[in-house]
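Enquirer: return a 3D structure for these sequence lines:
(one chain, ligands or ions: 1)
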Amino acid sequence: MPDLRPAGILATGSYTPTRVLTNFDLEKMVDTSDEWIRTRTGIVERRIADEETVTSDLAFLAAEAALADAGMAASDLDAIMVATVTPDMFFPCTASLLQHRLGASVAAFDILVGCTGFVYALAVAREMISSHAYNHILVVGAETLSKITDWEDRSTCVLFGDAAGAAIVGPVPEGRGILGYSLGNDGSNADALKIPAGGSGLPASHETVDQRLHYLAMNGPEVFKFAVRAMIDSSEEAVRKAGVQMTDISLVIPHQANLRIVDAAAKRFHLPSDRFVRNGDRYGNTSAATISSFGAGLSWGSLVLRW
Ligand SMILES: CC(C)(COP(=O)(O)OP(=O)(O)OC[C@H]1O[C@@H](n2cnc3c(N)ncnc32)[C@H](O)[C@@H]1OP(=O)(O)O)[C@@H](O)C(=O)NCCC(=O)NCCS
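Expert: Purely as a prediction, here's the structure:
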């Protein structure tokens, strides 16, 4: 058995739909205001896919961009993972559709861990490469959350957006790559963020459609409380496991569910605010399409990378 080897991100790509939905557009759809959304969430606008665009379309465009960034062809890949809560359909998995479209004849599977899916997928990819099982893995986080959003529910519809991000994970020199990670889940809080119907628990029926149970439902304040704690604890654990100090961190890429959650973490970490990526004002919460640290489950995850 060869020694474990370091693994990290070799290249990245992303794609966002061109259509912009602003807070002012939302004012015309539900009883809300630009002022409420900005002050409670920090979001100003988000991208929304066209009706005919599906998650695998966004995933494909992000994947192509990542392959171009790496100077690789799809035939150079050994596996594909897609993290998503908005698959094109229940099954086959979105990774199968992406695999076919890229023309890569490889292992392909989805990871469904809410907004934490991308971090989980990167951690799995690292282990598959560290163990020499695979050399190059495409990890994609892709969402069309607009398709599962209840556009009549002002407490959720202002929060989400559509996007895809992709990374090629492969072997890296000693001392670089994914140094450590923290993953967790607490199913006792599963009801706080879910799509109530459409699964084996509550199969689709006229009633479930009439009661709007196929849309994302969330207990916002409950998730907020959890998210602040999860983001802080999980980041601190990942930093500890990576064998570094929080003050060594040059850039924090937090999940952009609510910029108030990012602010709370920034305060706790005692890091200058310009070390925190903040783009949620332009994209909203794009779930698995972001680097993330909390989400449905309720789940959490963070990882430390040396670039
Ligand atoms: C959703 C969220 C922004 C709501 O903010 P909040 O400060 O907790 O607000 P509340 O839900 O307590 O609602 C406060 C009031 O605003 C109202 N409100 C909710 N959405 C509104 C909207 N879009 N526009 C105007 N008013 C709204 C509520 O009805 C409530 O009114 P009431 O006091 O008369 O009942 C916030 O809870 C949040 O970000 N939660 C975490 C979400 C998250 O991270 N989800 C994804 C995890 S991956």
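Enquirer: what parts of the chain come near the ligand?
Expert: Contact residues, the chain versus the ligand (CB under 6 Å from any ligand atom): 32, 36-37, 40-41, 115, 154-155, 158, 193, 218, 220-221, 223-224, 227, 257-258, 285, 294-295. Where you see a C-beta, it was placed from the backbone N, CA and C, and this is true even at glycine.
Enquirer: what about 5 Å?
Expert: 32, 36, 40-41, 115, 154-155, 158, 220-221, 223-224, 227, 257-258, 295 (CB under 5 Å from any ligand atom).
Enquirer: what's near enough to touch the closest residue to Arg306 other than its chain neighbours?
Expert: Closest residue to Arg306 apart from its sequence neighbours, by CB to CB, 6 or more residues apart in numbering: Arg176 at 4.9 Å. By CB atoms under 8 Å, 6 or more residues apart in numbering, Arg176 lies in contact with Pro6, Gly8, Arg306, Trp307.
Enquirer: out of those, which one has the weakest pLDDT?
Expert: Lowest-confidence member of the contacts of Arg176: Trp307, scoring 87 (pLDDT).
Enquirer: quick revisit: for the contacts of Arg176, pick the one with the most neighbours.
Expert: Gly8 (21 neighbours; other CB atoms under 10 Å).
Enquirer: does it touch Gly175 like I think?
Expert: No: using CB atoms under 8 Å, Gly8 makes no contact with Gly175, being 10.3 Å away.
Enquirer: would you list the phi and psi of whichever residue of the stretch 101-250 of the chain sits closest to the ligand?
Expert: Across the stretch 101-250 of the chain, no residue is closer to the ligand than Gly220, which sits at 2.9 Å (CB to the nearest ligand atom). Dihedral angles of Gly220 (phi, psi; degrees, to the nearest 10) stand at phi -50, psi -50.
Enquirer: so which helix or strand takes in the nearest residue to it once chain neighbours are set aside?
Expert: Once flanking residues are discounted, Gly220 sits nearest to Ser155: 5.8 Å by CB to CB, 6+ apart. If you go by DSSP states H and E, Ser155 is part of helix 154-157.
Enquirer: tell me the first helix or strand C-terminal of that helix.
Expert: Following helix 154-157 toward the C-terminus (DSSP H and E): strand 162-171.
Enquirer: direction included, what does that following strand pair against?
Expert: Strand 162-171 pairs in its sheet with strand 7-15 (antiparallel), strand 137-144 (antiparallel), by DSSP bridges.
Enquirer: so which of those strands is the most packed in?
Expert: Ranked by mean neighbour count, the strands paired with strand 162-171 are led by strand 137-144 with a mean of 31 (mean count of other CB atoms under 10 Å).
Enquirer: which of the three states applies to the residue lying closest to Asp150 once chain neighbours are set aside?
Expert: Of all residues beyond its chain neighbours, the one nearest Asp150 is Tyr215 (3.7 Å), with distances taken as CB to CB, 6+ apart. Recorded secondary structure, Tyr215: coil (DSSP: H, G, I helix; E, B strand; the rest coil).
Enquirer: re earlier: identify the contacts common to Gly8 and Gly175.
Expert: With CB under 8 Å, 6+ apart as the test, Gly8 and Gly175 both reach Arg306.
Enquirer: give the contact list for Ser56.
Expert: Contacts of Ser56 by CB under 8 Å, 6+ apart are Asp88, Thr94, Leu97, Leu98, Arg101, Ala142.
Enquirer: just the buried ones out of the residues you listed, please.
Expert: Asp88, Thr94, Leu97, Leu98, Ala142 (16 or more other CB atoms under 10 Å).
Enquirer: backbone dihedrals for the second one, both of them.
Expert: Spelled out, that is Thr94. Thr94 adopts backbone torsions of phi -60, psi -30, taken as degrees, to the nearest 10.
Enquirer: now do the one 4 residues further on
Expert: Backbone torsions for Leu98, taken as degrees, to the nearest 10, come to phi -70, psi -40.
Enquirer: surely it touches Met81?
Expert: No: contact between Leu98 and Met81 fails when scored by CB under 8 Å: they sit 9.7 Å apart.
Enquirer: overlap in contacts, these two.
Expert: Common neighbours of Leu98 and Met81 (CB under 8 Å, 6+ apart) are Ala108, Val140.
Enquirer: burial count for the residue nearest to Asp88 when sequence neighbours are not counted?
Expert: Leaving aside its chain neighbours, Asp88 sits nearest to Val54 (4.6 Å; criterion: CB to CB, 6+ apart). When neighbours are counted by other CB under 10 Å, Val54 registers 20.
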